[in-house]
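> Have a look at this prediction, sequence included:
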Amino acid sequence: MKYDFNRLDKLAKKTLSKQRYYHTQCVVNQAEKLAEIYGCNKKQAKAAGWLHDICKEMPREEQLQWLTKYGIILDSVQKKQPKTWHGLAACGFCKFKLGIDDEELLNAIRYHTTACGNMSLLDEVVYLADLISADRTYPDIDKMRKLAQTNIEQAMKYALCYSLSDLIHHEREISHDSFAAYNYYIKF
């Protein structure tokens with residue numbers, strides 16, 4: 001599939017706040033770097049970077065409409081996690097508004113916040129690019145960035161342990177997809 005990156009850039013700039021647009025630019029750059037390191041399709045990684053947060057600032061009702069149109073039914077945990085809906089909604093938005101049929105790309109967008117079991121290389125690249133983009137500042141970011149540059153499975157394991165411990169610390173429910181991802185990557 002051919003991607004019009006100028007169009008995706010303009011769409012992101014028009015749709016997102018300045019701060020979210022800057023974050024998106026950082027994710028695009030990081031996704032390209034990781035795709036280069038690991039031999040992932042750079043065009044898919046770049047497109048997923050532009051689109052991963054495209055629904056982030058939409059009203060929640062509109063996000064629900066897009067994810068429903070795509071055929072996603074929220075489980076009881078997902079219903080309580082509206083901050084993760086934007087990735088799900090983006091699947092419907094990208095497919096039905098933008099005409100994107102690339103299932104691998106749509107999955108990378110879908111799981112960029114929760115991860116999932118049996119992730120593709122593109123899924124991993126986009127998940128990590130979002131987590132370690134240049135605009136991110138949190139404890140252990142340098143360690144996470146180093147791992148992402150050298151061993152993608154170890155980086156995923158570390159990222160999931162970090163994310164899940166944060167959810168546990170704040171006494172939040174953990175999605176089934178995140179558990180499946182943790183169970184898969186803990187072996188590395």
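Done, it's in.

> so where's the protein shaky on pLDDT?
1 (pLDDT under 70).

> ok, the residue positioned nearest the centre of it - contacts?
For the chain, the residue nearest the mean C-alpha position is His112 (1.9 Å; CA atoms, centre = their mean). Going by CB atoms under 8 Å, 6 or more residues apart in numbering, His112 touches Ala48, His52, Gly87, Asp123, Val126, Tyr127, Asp130. Bear in mind the C-beta positions are built from the backbone N, C-alpha and C, glycine included.

> could you redo the last one with a cut-off of 6 Å?
His52, Gly87, Val126, Tyr127, Asp130 (CB atoms under 6 Å, 6 or more residues apart in numbering).

> who wins for most neighbours among those residues?
Val126 (33 neighbours; other CB atoms under 10 Å).

> Can you name the element that comes right after whichever strand or helix holds Ala90?
Element membership for Ala90 (DSSP states H and E) is helix 85-92. The element immediately downstream of helix 85-92 (helix or strand, assigned by DSSP H and E) is helix 103-110.

> any residues touching that next one, and which ones?
By CB under 6 Å, 6+ apart, helix 103-110 touches 44, 47-48, 51-52, 87-88, 90-91, 120, 122-123, 126.

> Give me the secondary structure label for Glu171.
Classification of Glu171 by DSSP: H, G, I helix; E, B strand; the rest coil places it in coil.

> what about it, neighbour count?
6.

> still on that earlier bit, can you tell me which of the contacts of His112 are in helices?
Within these, residues falling in helices by DSSP state H are Gly87, Val126, Tyr127, Asp130.

> need these in a markdown table with distance to Leu164, can you?
Putting these into a markdown table (distance: CB to CB, whole Å) gives the following:
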| residue | distance to Leu164 |
| --- | --- |
| Gly87 | 17 |
| Val126 | 19 |
| Tyr127 | 14 |
| Asp130 | 16 |
